[in-house]
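*Asks:* Have a look at this prediction, sequence included:
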Amino acid sequence: MTDMPEEQNLIYNAIYADGHFEKVRLGELIHKGGAAGKIYMNAGNPNSVVKIFHKKSKSSTNRKKLEAMLLNRPNFPPVVKDGIEYVQIAWPDALLEDENGFCVGYLMPLINMSEAVSLDHLMQKAIRKKLNLSEKYSYRVFAAYNIASMVAALHTCGHYIVDLKPSNVSVYKDTMMVAMVDCDGFSIKGELGRYPAEFVSEEYIYPEGMDLSCEEMGEEQDKFALAVMIFKLLNNGIHPFSGVPRKNDGEMLTIQNRIEQYHYAYGLWPDNYQAPHPYSIHEYFDKKTLEMFERAFVKGEVRPTAKEWQEHLHYLMHNLKPCRKDPNHAYFTAKGCGLCVAEGRFKDTLLDVKKQKETPQMVRGMEISSLSVENLRKNKEEKKIEDARIRHIAYGAIAAYMLFFTFLFKILSPIEDLVREAGLGLQAIVTTFVMLGINKALHDASSKAVLFQNKALTQMLQVYALICMIIALVTIDQIPQGLLELAY
C-alpha cells in the first residue's frame, strides 16, 4: 500500500453513524501525529478536525473499529462553563473515505490543546509553578474525579483505554476538565467482537498482565492504571510503587519490577522491600481511600471499578476541609493537613542540607579526606557486620523472651503465695502495666532493629506474653478448683 497523501484541500466523504454523508475538505495541518496519523483542520468547520492515517494497509480493520466506535459512543457530552464549551473526548463523529472507498481516517471534535496541559504537569509543584497552574489541592481531587468519570463512561460501553497514563490524559488548565485524544487506540467493543488496543506503558501495567500482550488486556488494566493515577494526584505525584529501599546494597528494582512483585509501600502492612516516600501524605487520607488503594495494589484483592472511584472521589470533593494555615491546602480527616506536614518535612530536609553546606569539611559525620574508595568500602562492610550483629541480637532477644514467658509459672512458683494473696484485682493491674511496658519496649526496639518493624511479629509476641501470664495466674490462683467448689 502507498503512503497517505499529505496535500491539503483534498476532499473526502464523511460517513456518519446514521448513514448520511457529507464532503469534508482538509484544512491546515496542525499536528504531524504519532504512529497512527496526522491531524488537519476541517476547512468547513472550525470546531472539527480530521485525522488521516499514515497508510491504507489497515483500511478494512480501521473501518470496522471506527464503525463500532460510531455505534457505541460513551455518554460524555461537552461541558459548558462561563459560556465556553469544553470538549472532553475526541471521539469519532464520522469515518472518512477516499474516492476509491478506502477508509483513510475520521472526523472528530476539536480539542483546544493550547488550553490544556498533560496530567503529568499537574502532579509536581515545580512544574505547576512554572506553568502558572493553581496550587489548590481541591483542583487535583476534582481532576481525579473527572478522569474516573471518563473511564467509568467508557467501561459502561465496554471500551477500555489500556494505555492509560498521565501523559496520555490532559486537563483544561482553568477547569480541570478532562481532555482525551487518540481514542482510536483504545480497546473497542463492537457488535461482532473486540478491536484491541495496540499500546501499553510500563509503570502502569497491572501485575497479572505482565505476561499478556496489550491486545489481551482490558478492564483490569484500566482499573490498575486509574488507581495509580489517582494515587499520584492525591499524593503529590508519588507513584504507589515507589519508595525508599530498605537495603542500600540490595538489588535496585524498576517501578514495573516492584509492581510485578506487589511491593506496595503504603498499605496496612509494611513492605519488605521499601519504605514509603518521606514526603508521602497517605497516612492523612480518608480511611475508605486507603482501603480502596489496598484493594487496587495488594495481591489477591478485588480492584475498585472506575465507577467506585467516581463515587468515592465525588464524596471526597464535597467533604474536603479547608486548611487554616494555607488556603491552597485541604485535608480529609481529623488527622489534619498532610500537605502541611509534608512541607514541614521538606523544610527540615533543606535545613539539614544547608547545615551540611556550612560545614563542607564534613559529610555525614565523616571528614572529606576519609572518603576514599577504600574507606567507603570499609564503612560499607562495617555496616553490614553491624546490621548482622543487631539481627542476631534481635533473634536472641526473641528467643529469651519466648523462654521467659513459657516458664513464667515456674519463675513465679517461689512467690506464688504472695501472688495469690495480692488478689485478682491487683494481679490484673500488674498484668496491664506489664503489657503496656512490653508494647513500649517493642515500639522502641523497632527503631533499632528492622525485625521489630513487622507488626504481625510484635503483635504475636504481645499475645503470647498475655496468654502465658493468664495461664500462670489461673494456675497460681487455682481458679478451676475454686469454680468446682462453688458448684457444690
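*Replies:* Noted; the coordinates are in hand.
*Asks:* contacts and neighbour counts: CA atoms only from here.
*Replies:* OK.
*Asks:* Could you tell me how many residues sit around residue 426?
*Replies:* 13 (other CA atoms under 10 Å).
*Asks:* What helix or strand is it located in?
*Replies:* Assigned by DSSP states H and E, residue 426 belongs to helix 416-445.
*Asks:* any idea of the mean pLDDT in that helix?
*Replies:* Across helix 416-445, pLDDT averages out at 85.
*Asks:* In the stretch 301-450 of the chain, where is pLDDT below threshold?
*Replies:* Low-confidence segments of the stretch 301-450 of the chain (pLDDT under 70): 353-376.
*Asks:* That one: helices as residue ranges?
*Replies:* Along the stretch 301-450 of the chain, counting by DSSP state H, counting those that start in this stretch, helices occupy 306-317, 338-358, 373-406, 408-412, 416-445.
*Asks:* which one of those helices is the most hemmed in?
*Replies:* helix 306-317 (a mean of 18; mean count of other CA atoms under 10 Å).
*Asks:* Give me the contacts around that helix.
*Replies:* 138, 141-142, 144-146, 148-149, 151-152, 155, 223, 226, 289, 332 (CA atoms under 8 Å, 6 or more residues apart in numbering).
*Asks:* quick one on the thing from earlier: check which helices and strands the helix holding residue 426 is in contact with.
*Replies:* helix 455-477 (3 or more CA pairs under 8 Å, 6 or more residues apart in numbering; DSSP states H and E).
*Asks:* For the residue lying closest to residue 160 once chain neighbours are set aside, give me the backbone phi and psi.
*Replies:* Leaving aside its chain neighbours, residue 160 sits nearest to residue 187 (5.0 Å; criterion: CA to CA, 6 or more residues apart in numbering). Backbone torsions for residue 187, taken as degrees, to the nearest 10, come to phi -90, psi 120.
*Asks:* Pull the contacting residues for residue 187.
*Replies:* Applying CA under 8 Å, 6+ apart, the residues contacting residue 187 are 159-162, 194-197, 215, 218.
*Asks:* Also residue 294?
*Replies:* 267-268, 301.
*Asks:* Kindly recompute the last result at 7 Å.
*Replies:* residue 267 (CA atoms under 7 Å, 6 or more residues apart in numbering).
*Asks:* looking at this, it is in a helix?
*Replies:* Yes - remark: residue 294 belongs to a helix, assigned using DSSP: H, G, I helix; E, B strand; the rest coil.
*Asks:* what's the distance between it and residue 304?
*Replies:* Distance, residue 294 to residue 304, using CA to CA, to the nearest Å: 10 Å.
*Asks:* Then residue 418?
*Replies:* From residue 418 to residue 304 the distance is 58 Å (CA to CA).
*Asks:* and if you look at residue 51?
*Replies:* Counting by CA to CA - residue 51 and residue 304 are separated by 34 Å.
*Asks:* Quick check: residue 67 vs residue 114, distance?
*Replies:* 30 Å.
*Asks:* Among those two, which residue is more densely surrounded?
*Replies:* Neighbours per residue (other CA under 10 Å) separate residue 67 from residue 114, with residue 67 holding more: 19 against 8.
*Asks:* which SS state does the more buried one fall under?
*Replies:* helix.
*Asks:* Kindly report the same for residue 74.
*Replies:* Taking three-state DSSP, the label given to residue 74 is coil.
*Asks:* In contact with it: list those residues for me.
*Replies:* 153-154, 157.
*Asks:* hmm, 6 Å instead?
*Replies:* The neighbours of residue 74, taking CA atoms under 6 Å, 6 or more residues apart in numbering as the test, are 153-154.
*Asks:* tell me the pLDDT at it?
*Replies:* Confidence score, pLDDT, at residue 74: 93.
*Asks:* From residue 88, how far out is it?
*Replies:* 11 Å.
*Asks:* Checking residue 107 next. Helix, strand or coil?
*Replies:* Residue 107 ends up strand, using three-state DSSP.
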